[in-house]
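Using only what follows, build the 3D model:
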Amino acid sequence: MLEHLTVVTHPLVQHKLTLMRDKATSTAEFRQLLREISQLLAYEVTRELDMTTKRIETPMQPMDAPVLAGKKLALISILRAGNGLLDGVLELIPSARVGFVGLYRDEDTLEPVQYYFKVPESLEDRLVIAVDPMLATGNSSVAAIDLLKKAGATNIRFLCLLASPEGVETMKAAHPDVPIVTASVDESLNDKGYIIPGLGDAGDRMFGTK
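Next comes the predicted model:
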């Protein structure tokens, strides 16, 4: 069983994260780094997947070889910034089913507002990995997990690039059964709900918008 909070300290993850934090990093470089780091983080979040065996023939002889068990896992992108992590994880797990949760944060209340929800069927039979680069206030992430549980998901993991201590606590209080995998837990949130020192707005940096 994964710990409730896993911080991936692998040197390649930390090096790439530093490059992403740098405000001089271009949109194209940021996007490529996000794709690369998401694959490294995916390695951690997919630990302890259920396995079975399959009878195959190698060039030398038959054998019972390990393969993933059960239905294809589901990757759920929390729009819009989640798509940056989604792309990288999909390269590693191309057979995964994909869903999307559209939430935006009201800038005055910092509360999430839903505008889109479409997910694969049979979530109750799948490992569900929700992806969003930033776990800031935690409000949007909690709302997304609420929706996934209402849709039947029972085995959920949350993958993010950066988290705040406040966001981790909010998620733990609301969904203690959902492990969080991240590259860093930063110092705090500022008064606008952004992670400090953070890397700015992940969506803006990924798509080149303001």
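
Just the buried positions in the helix or strand of the chain with the lowest mean pLDDT, please.
The helix or strand with the lowest mean pLDDT-type score in the chain, counting by mean pLDDT, DSSP states H and E, is helix 202-207 (a mean of 84). Across helix 202-207, burial judged by 16 or more other CB atoms under 10 Å covers Ala202, Gly203, Arg205, Met206, Phe207. Any C-beta I mention is one placed from the backbone N, CA and C, and that applies to glycine too.

next one: stretch 78-95
Residues of stretch 78-95 classed as buried under the neighbour-count rule (16+ other CB under 10 Å) are 78-90, 93.

could you dump that stretch to PDB, C-alpha only?
C-alpha atoms of stretch 78-95 as PDB (Å, rounded to 0.1, in the frame of the first residue of the first chain):
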ATOM      1  CA  ILE A  78      -8.100  17.700 -13.900                       C
ATOM      2  CA  LEU A  79      -8.400  20.400 -16.700                       C
ATOM      3  CA  ARG A  80      -6.700  22.200 -18.000                       C
ATOM      4  CA  ALA A  81      -3.200  21.900 -16.500                       C
ATOM      5  CA  GLY A  82      -3.700  18.200 -15.800                       C
ATOM      6  CA  ASN A  83      -3.200  17.500 -19.600                       C
ATOM      7  CA  GLY A  84       0.500  18.200 -19.300                       C
ATOM      8  CA  LEU A  85       0.900  15.300 -16.800                       C
ATOM      9  CA  LEU A  86      -1.600  13.200 -18.700                       C
ATOM     10  CA  ASP A  87       0.400  13.200 -21.900                       C
ATOM     11  CA  GLY A  88       3.600  11.900 -20.300                       C
ATOM     12  CA  VAL A  89       1.800   9.200 -18.300                       C
ATOM     13  CA  LEU A  90       0.000   8.000 -21.400                       C
ATOM     14  CA  GLU A  91       3.300   7.500 -23.200                       C
ATOM     15  CA  LEU A  92       4.200   5.100 -20.400                       C
ATOM     16  CA  ILE A  93       0.800   3.400 -20.100                       C
ATOM     17  CA  PRO A  94      -0.700   3.800 -23.600                       C
ATOM     18  CA  SER A  95      -3.600   1.300 -23.000                       C
END
